[in-house]
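Student: What follows is a predicted protein model with its sequence.
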There are 6 protein chains.
Amino acid sequence: MDKNMQQYLDKAQVLIEALPYIQRFNRKIIVVKYGGSAMVDEELKKQVIEDVTLLKLVGFKPIIVHGGGKEISRWVGKVGMEPQFINGLRVTDEETMEVAEMVLGKVNKSLVQMVEELGVHAIGISGKDGGLLKVEKKLSNGEDIGFVGEVRQVNTDIIYDLLEKDFLPIICPVGLDEHYNTYNINADDAACAIARAVKAEKLAFLTDIEGVYKDPSDPSTLISELRVREARKLMAEGYIEGGMLPKLQNCIDAIENGVSRVHILDGRIAHCLLLEIFTNKGIGTAILHGEESRYYHGE
Amino acid sequence: MDKNMQQYLDKAQVLIEALPYIQRFNRKIIVVKYGGSAMVDEELKKQVIEDVTLLKLVGFKPIIVHGGGKEISRWVGKVGMEPQFINGLRVTDEETMEVAEMVLGKVNKSLVQMVEELGVHAIGISGKDGGLLKVEKKLSNGEDIGFVGEVRQVNTDIIYDLLEKDFLPIICPVGLDEHYNTYNINADDAACAIARAVKAEKLAFLTDIEGVYKDPSDPSTLISELRVREARKLMAEGYIEGGMLPKLQNCIDAIENGVSRVHILDGRIAHCLLLEIFTNKGIGTAILHGEESRYYHGE
Amino acid sequence: MDKNMQQYLDKAQVLIEALPYIQRFNRKIIVVKYGGSAMVDEELKKQVIEDVTLLKLVGFKPIIVHGGGKEISRWVGKVGMEPQFINGLRVTDEETMEVAEMVLGKVNKSLVQMVEELGVHAIGISGKDGGLLKVEKKLSNGEDIGFVGEVRQVNTDIIYDLLEKDFLPIICPVGLDEHYNTYNINADDAACAIARAVKAEKLAFLTDIEGVYKDPSDPSTLISELRVREARKLMAEGYIEGGMLPKLQNCIDAIENGVSRVHILDGRIAHCLLLEIFTNKGIGTAILHGEESRYYHGE
Amino acid sequence: MDKNMQQYLDKAQVLIEALPYIQRFNRKIIVVKYGGSAMVDEELKKQVIEDVTLLKLVGFKPIIVHGGGKEISRWVGKVGMEPQFINGLRVTDEETMEVAEMVLGKVNKSLVQMVEELGVHAIGISGKDGGLLKVEKKLSNGEDIGFVGEVRQVNTDIIYDLLEKDFLPIICPVGLDEHYNTYNINADDAACAIARAVKAEKLAFLTDIEGVYKDPSDPSTLISELRVREARKLMAEGYIEGGMLPKLQNCIDAIENGVSRVHILDGRIAHCLLLEIFTNKGIGTAILHGEESRYYHGE
Amino acid sequence: MDKNMQQYLDKAQVLIEALPYIQRFNRKIIVVKYGGSAMVDEELKKQVIEDVTLLKLVGFKPIIVHGGGKEISRWVGKVGMEPQFINGLRVTDEETMEVAEMVLGKVNKSLVQMVEELGVHAIGISGKDGGLLKVEKKLSNGEDIGFVGEVRQVNTDIIYDLLEKDFLPIICPVGLDEHYNTYNINADDAACAIARAVKAEKLAFLTDIEGVYKDPSDPSTLISELRVREARKLMAEGYIEGGMLPKLQNCIDAIENGVSRVHILDGRIAHCLLLEIFTNKGIGTAILHGEESRYYHGE
Amino acid sequence: MDKNMQQYLDKAQVLIEALPYIQRFNRKIIVVKYGGSAMVDEELKKQVIEDVTLLKLVGFKPIIVHGGGKEISRWVGKVGMEPQFINGLRVTDEETMEVAEMVLGKVNKSLVQMVEELGVHAIGISGKDGGLLKVEKKLSNGEDIGFVGEVRQVNTDIIYDLLEKDFLPIICPVGLDEHYNTYNINADDAACAIARAVKAEKLAFLTDIEGVYKDPSDPSTLISELRVREARKLMAEGYIEGGMLPKLQNCIDAIENGVSRVHILDGRIAHCLLLEIFTNKGIGTAILHGEESRYYHGE
């Protein structure tokens, strides 16, 4: 057999190997928190969108929840605003919120555009549309830092409506409080709230780290499988610090409220979503409920 | 009967008088091009949204298509951009398009927010979502003035999907060309294209004038009913000038492609939409197909 | 602004004020017991039908349950029948029942006709159709007074079927017992049984009194809001007499079996239904479950 | 085998023989004009209702259209009205119409009751309900004989709605003109109009004659199969007289407007409907479109 | 009346008498275990298929589960295979299973063919299709006798799908174990498992005996009605022997798991199914849950 | 990057490359004629089933039509039958037909089993089920060679029903004539008739040759793209011989009756279906309607 033919057969083999994974997640909801480097690097951005679109096309029901990343800061500067701080925390005043919403909207439509270009129909919405995300003010250590909200209610109707009509929902984390004021929501929090509300099969966070470490200074301590019980212990014993703390808390909340599995993935790796779902490479950290293995039976 | 009671009875009477109008437009699509002063004045803005929300609640199927108005210019200045001109026309370069899309997105969500506050579920989309508006570059007298597009295809599926799920669609006029580049679309053009595509019962333009005049310098020449035939004659004879020319052309296109009736309304009048639909006040100019009266039989 | 224009704006304002009410009762079932003077006076009759038809058109799901009023007595006389009495009560023998059913059928179709004339599709049925009302003989103080039944079962399927197909159901209170004999049912009882069975949002009795009085001889003692607890107390203490006793008992039964609110309205007031639903006039007596106000939050 | 067992086997055999007929008319609409002696004799009445209910249960879609027969005259007398005549024809003035509608309503509900007793859900409506029958005044030889209408429009929606919900529709021939006045309709005409509008598979008239005769005075001239072409010839040559003339005209109208087959049956024969449909007895006269036999292929 | 006419009327009468039975079993699932002589005799075969097809046409939802009977042994011989035995029991080795499956498939399609010939659409499936029957190995007194399985799971989806699409399902008792090996299933067991899974209204076994006897040697001890309680007692006291033991156990299992009534019928009697369902002949033995009579109330 | 990681990334890349193909054939029907070596070799068999199952899982609607291949001859011998010949052609007498149907049924269920093992629900039917294939006798050069039929009608209802319920239909080529006799059908003919009837997007024949040759003796003359026009020319000029003649005729019939594209594939190549659909390898011969390339635009 010529070498060329062998290459084609190898390709067919890869597709065949995807079969059990495609079958397992058929019609299952997968929430992808999209952020970090994967939103900055154009090549990575393209790959994430390709991954999610493929998931849609092979019969899964992916939902993207994205942040605005560094774009927000860039535009806040561009319009000549002076950042305000309380106790060292940036305050989201009305003007900042306005810019943030505009930037999130821009990012949202650019993602819609990329999905549409791949031939799949997407709808980009914020938490305002259809009353998706209802929030209340979130204090930071008791301090009012402006229009920063935490989700208190998710109206899943609009999500189910869009999924039923076969759209790929792309959601930016802005919501309304009971007086219909606009609030910014941390994208991790929004993704977690949505995944809980729809009882997602998977919630995957695209981050800029390899996963959860027992000792962040030692790459060899990367944890591949982390049970809720173990995660709590790590947190209690002070192994987890900084931005990972609320993220891990979100993971635990999600698992304990009906999400089957949560993943902290390294968004800097090309096609990390496909690798996680379609191979047994085992990248990043999988947060599990009980004692099961992250690898499915028989793999 | 005390005077107070009489007031209540009068109110009941107004509702009863609305009955035949409610019945006539039951489940009919009404496209509202929202722009001009009605987008600037907060009181007028509130009234337009109340009107459209009421139309939705009594069983019509309204769709809002809006522009960005003066906000775009304001933000273009705010971010310190230098406007470019070709033959005296502002050029929509990539950077301007970026700001325009952000501002349109902001306006879009603020309208969603107002509708949601009235208890009705809205979804704000642009022409990118679900492939709604496909465009090609629009030249201005043969000159390329940048990312300004004209609609060449409307994917009505997304509109029907949203209407079926009982959402009020709010659309901003941004679209994609065949290479998936972003284009700005004149809001009048977008409203007209959408109304044609869904064979709307009504297309109403909220403007800053009272209607079409035979002689714009003479308010007494306001035309209440204008047949397509007459409109063509007025245009041919040079009575129509400036911004009214393309608007009237849009009206004619709409009528000749399945829209039952088009209205040029004075958006500066409070509740002008309700007045047009629920009373026989006859405000603005009604563009009609043939010889029928703008007033329905028996009114 | 000219005075004429002001009138139109006032009308628009009335419609806008109806918005929260329209929203609140959207798709809710409202059972209207139609009887008394409002069935005799042609003008009032027209107004009741206009009211109910408007409720239908703006998205509510009204159901009319009507009696035959004085027409039955008139026709019993007309065909030369001798009324029979037991202990002073009129006996509904087979012949009387036959006439009563005929008259109720005539009234039923005349209401259908009026609704159809307003452009809404109605279907007039009796409790025989689709097995809607199954009854058993109702004794009066232990005495058999003929074919007078009380409802023991409501087949709600037919009601939901008609509502789903967007008809306005108009029901006359005749039912069948287990041996398929025909029985007359008190219209109040029938309306109450139906409202309970479909868990109506509202049950409104159109009566010939202003409402419930603490002292019927003193108009100033009209009760605007009456809690179930208070109603029971009034009854126990003997304040309620005559025809109001069973009516109030029906109100309590309805409230305690899933109907959200019951109203005793003065059917002699024009458009009393609209006034009750669309204004905060507060006519008649509202029977409430607990301590809430009859006026909705924020009105 | 004992004689008892043989009887049971004979019964099973009859059921098996019904199999091809049940299959042929599965989900087909069969309009039965019910009138004449079959409405007077209690035993015949019961049998007709049994027949129609059986048709319903085995999967056909029967519709009953009935008249009021001699009951109307009886009640007109009962209420002491003086009949009016124009050119020898009874005039249906408003008062007569009122009584007629009441009697038709009574008959209608009694049929509903009998069907319900057999465990099938029926809904009795008139041509007023759901706008079923729209009429215009029918003159008799140019004379106005009052509220006698001919059908000019059938709103089939209500029929399809009721059939979809699995009800057996029972229809009395009363309709509204464009001013919403009530009119009596000849039951044959109403049945014919309805059968045409729904493209019924069969239209069966229950009459008080054996069928169509070439010579009414000679029973041996009963016609078993009559083609439209032949029927026209018989009429043209004066063989058809009296009440049979309009009836035959109705038959021809029905056949020429999409009804597959029309039958004139002798309603005085027990279970004549079942005999016609489930056996090859060939009772009455079958009106056929072309040259086909009234007996289906292979029977 | 001539004698011929009387015959027709008698036929109509038989149909009318079927009315209450047709009504009672409307849309009810009836599982028929088809086997024994009724599968060998061509005349009986035709009658069984006629019976089941009639049940389908009049609105029931029959399901046939059939065995292969003597055909399997015939073909095992025809292909020259040597039967194997363990402890006197025939062993279903792989080769025997292959032949058995082929024969069952042949029988299956011949039944489909007969139903199709009667104008009803059937689909013949085995327990492999759609994962209908999942089995595990069944030991015989602890001995492995090869590919003989007992049902451990029924995937009712495929049955409901076929019934919804109005097909008559014809099922042969072959299933797959968890390793997707093919197993033969006793047809009685398969019918019982399916009837339990779909909560059938009736499960009827066509057998070669008259029913259950208290003393099999004395035909006069045939039991017409047998309560579960009594059946257990008979079994415990040793009255039941041979093939009747597992059959009766199946009957009890079915009744105790949601099947309303089980019948052991004599398949050698023509149209025994129709006789059981449409008459009060009371053939065979009816297994009942509690103290009710096998004859329905009022028959 | 380590080599292991590169392998995973390569796999992800293969999946991403499949994206446009998955999108193009989303919900499209693909009929696969399965036969030849691919049915004999266990490894090839497994690969074909994997391919078809993958097509199903990624959203296509594949249908398998299979023959019985050499198994039929093997079993005809096994049961000791003497083959009959007319003019050198094997005669399908009743006994042969019986064996053929049994073998086809066995093959059918073994394919169902393999698909089920991969976690997808299949239903195996023959042309008898649901009246799928109606045939008439096919003569061979005017000679009656027994129960060999050609398809004269395809009842697509059953196919659409099974596809709607998400089953993978596996069809064996047996049908019934108008007298409900069983006939064998050439599997190519059956696949072609079914593909035409459902207007399949693709019809793929798995064969034991590489494709169509201009000169069968010269492998270098393999034709990659063949227009209908060219195919006719090749046939007319005598380049096509033997079994390829009727196969090519089937291809032309299919293309001319609504099938978009037909492929003659070499079933001896592993995963030839996937290679054809998901790569631009261009294996076998593609039969095209007009002048388009077999490679889709932009590939």
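Tutor: Received it, and whenever you're ready, just let me know what you need.

Student: hey, where'd the strands end up in the stretch 101-250 of chain A?
Tutor: A:122-126, A:133-137, A:148-154, A:168-172, A:174-176, A:182-185, A:202-207, A:212-213, A:222-223, A:225-227 (DSSP state E, counting those that start in this stretch).

Student: by contact count, what packs against the fifth one?
Tutor: Strand A:174-176 sits against helix A:94-117, strand A:133-137, strand A:182-185, helix B:94-117, with contacts defined as 3 or more CB pairs under 8 Å, 6 or more residues apart in numbering or on different chains; DSSP states H and E. For the C-beta atoms, the positions are set from N, CA and C on the backbone; glycine is no exception.

Student: Likewise for the fourth one?
Tutor: If contacts are counted by 3+ CB pairs under 8 Å, 6+ apart, strand A:168-172 sits against helix A:42-57, strand A:61-66, helix A:94-117, strand A:122-126, helix A:157-164.

Student: Adjacent strands (with direction) for the fourth one?
Tutor: Counting by DSSP bridges, the strands paired with strand A:122-126 are strand A:168-172 (parallel).

Student: Okay, angle between the strand it pairs with and helix B:94-117 too, please.
Tutor: Relative orientation of strand A:168-172 and helix B:94-117, computed by axes from the mean of the first three to the mean of the last three CA atoms, to 10 degrees: 90 degrees.

Student: Give me the contact list for strand A:168-172.
Tutor: For strand A:168-172, contacts defined as CB atoms under 8 Å, 6 or more residues apart in numbering or on different chains pick out A:52-53, A:56, A:62-68, A:104-105, A:107-108, A:111-112, A:115, A:120-127, A:132, A:159, A:162-163, A:190, A:194.

Student: List the buried residues for stretch A:137-144?
Tutor: By neighbour count, with 16 or more other CB atoms under 10 Å in any protein chain shown as the criterion, the buried positions of stretch A:137-144 are A:K138.

Student: Distance-wise, check the residue in the stretch 151-299 of chain A positioned nearest to chain D relative to chain E.
Tutor: Ranking the residues of the stretch 151-299 of chain A by distance to chain D (CB to the nearest CB) places A:E164 first, at 23.6 Å. Separation of A:E164 from chain E (CB to the nearest CB, to the nearest Å): 20 Å.

Student: what's in contact with the helix or strand bottoming out on mean pLDDT in chain A?
Tutor: One helix or strand of chain A scores below all others by mean pLDDT, DSSP states H and E: strand A:89-90, with a mean of 74. Here strand A:89-90 makes contact (CB under 8 Å, 6+ apart) with A:83-84, A:96, A:140, A:143, A:145.

Student: same thing with stretch A:185-195?
Tutor: A:29, A:31-33, A:35, A:63, A:65-67, A:127, A:133, A:135, A:148-151, A:154, A:159, A:171, A:173-175, A:200, A:203, A:205, A:246-247, A:250-251, A:253-254, A:259, A:262.

Student: Can you say which of the residues you listed are buried?
Tutor: A:29, A:31-33, A:35, A:63, A:65-67, A:127, A:133, A:135, A:148-151, A:154, A:159, A:171, A:173-175, A:200, A:203, A:205, A:247, A:250-251, A:253-254, A:259, A:262.

Student: Could you work out the end-to-end span of stretch A:262-273 for me?
Tutor: 12 Å (CA to CA, to the nearest Å).

Student: pLDDT score assigned to the residue nearest to A:L274 when sequence neighbours are not counted?
Tutor: Of all residues beyond its chain neighbours, the one nearest A:L274 is F:A12 (4.3 Å), with distances taken as CB to CB, 6 or more residues apart in numbering or on different chains. Confidence at F:A12, expressed as pLDDT, is 90.

Student: check contacts around F:A12.
Tutor: For F:A12, the contact set (CB under 8 Å, 6+ apart) comprises A:51, A:270-271, A:274-275, A:278-279.

Student: Tell me the bridge partners for A:L288.
Tutor: A:R227.

Student: my guess is it meets A:I223, correct?
Tutor: No. Assessed by CB atoms under 8 Å, A:L288 is found out of contact with A:I223, at 11.0 Å.

Student: what do those two both touch?
Tutor: By CB under 8 Å, 6+ apart, no residue touches both A:L288 and A:I223.

Student: before we move on, back to that, could you report the neighbour count for the residue of the stretch 151-299 of chain A closest to chain D?
Tutor: 12 (other CB atoms under 10 Å in any protein chain shown).

Student: Please apply the same query to A:R27.
Tutor: Neighbourhood size, A:R27 [other CB under 10 Å]: 9.

Student: right, and it touches A:F60 too?
Tutor: Yes. Using CB under 8 Å, A:R27 is in contact with A:F60, at 7.3 Å.

Student: In contact with the residue positioned nearest the centre of chain A, which residues?
Tutor: By CA atoms, centre = their mean, the mean C-alpha position of chain A lies nearest to A:K33, the distance being 0.8 Å. Applying CB under 8 Å, 6+ apart to A:K33 gives the contacts A:65-66, A:187-188, A:191-192, A:203-206.

Student: if we go to 10 Å?
Tutor: By CB atoms under 10 Å, 6 or more residues apart in numbering or on different chains, the contact set of A:K33 is A:63-67, A:173, A:187-192, A:194-195, A:203-207, A:247, A:250, A:262-265, A:267.

Student: For chain D, what's the nearest residue on the stretch 1-150 of chain A?
Tutor: For the stretch 1-150 of chain A, CB to the nearest CB, closest residue to chain D: A:R27, 30.1 Å.

Student: I'd guessed that residue sits against A:P62; true?
Tutor: No. Between A:R27 and A:P62 there is no contact under CB atoms under 10 Å: 11.5 Å.
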